[in-house]
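# the following block contains a protein sequence and its predicted model.
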Amino acid sequence: MNLKMTNKKRRRLHGFILLEVILAAGIFAMAGIGFAVALNDMAKVFNRSRIEAEVRLELETRLNLLRLTPLTINKLADKPDLRGVIYETEVSALEMTNDEKFILTNLYKVTISAKWKEGAEEQLEKAELYVYQP
């Protein structure tokens, strides 16, 4: 009879070990899924910040190039680039006066905006500069 009791105890012990293994595997799987989700979110944030940095650099470059060329009042939109970013350039005349109410001429407001989509969201980045060209 003692032998039968020990066999029953062994079966129960094996059942508890199996339950512990299943529970440990479930916890490990949940931790792995959480890590994968966090890694995916980090990659999305990195990609978004890289695109925004490239757009800002392109806006700065375009402003510097426009400052060096003779300006004419106009509004232009470029075709989308490889990332789908559309750059719009607008040059308008500034009507400013000094303290003596004298109208200042040859002043321009240069505005460049970049539009693109990230998923379903429309993104917009804008840069503007006042330029004097005698």
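Noted; the coordinates are in hand.

# check which helix or strand the residue nearest the centre of the chain maps to.
Among the residues of the chain, the one closest to the centroid is Arg48, at 2.4 Å (CA atoms, centre = their mean). Arg48 is part of helix 2-68 when elements are defined by DSSP states H and E.

# pretty sure Glu60 is touching Glu125, no?
No. No contact is recorded between Glu60 and Glu125 when judged using CB atoms under 8 Å, the distance being 10.8 Å. To be clear about C-beta, it is placed using only N, CA and C from the backbone, and glycine gets the same treatment.

# neighbour-wise, which of the two wins?
For Glu60 versus Glu125, neighbours defined as other CB atoms under 10 Å are more numerous around Glu125 (17 against 13).

# quick one: contacts for that one?
Under the criterion of CB atoms under 8 Å, 6 or more residues apart in numbering, the contact partners of Glu125 comprise Glu52, Val55, Arg56, Leu59, Ser113, Ala114.

# among these, who's most crowded?
Using other CB under 10 Å as the neighbour definition, the contacts of Glu125 reach their maximum at Ala114, which records 23 neighbours.

# measure Asp81 to Ala127 for me?
Look at Asp81 and Ala127: by CB to CB, to the nearest Å, they are 16 Å apart.

# count of residues packed around Tyr87?
Neighbouring residues of Tyr87 were enumerated by other CB under 10 Å; the total is 20.

# low pLDDT regions in this structure?
1-14 (pLDDT under 70).

# I appreciate the help and will end here.
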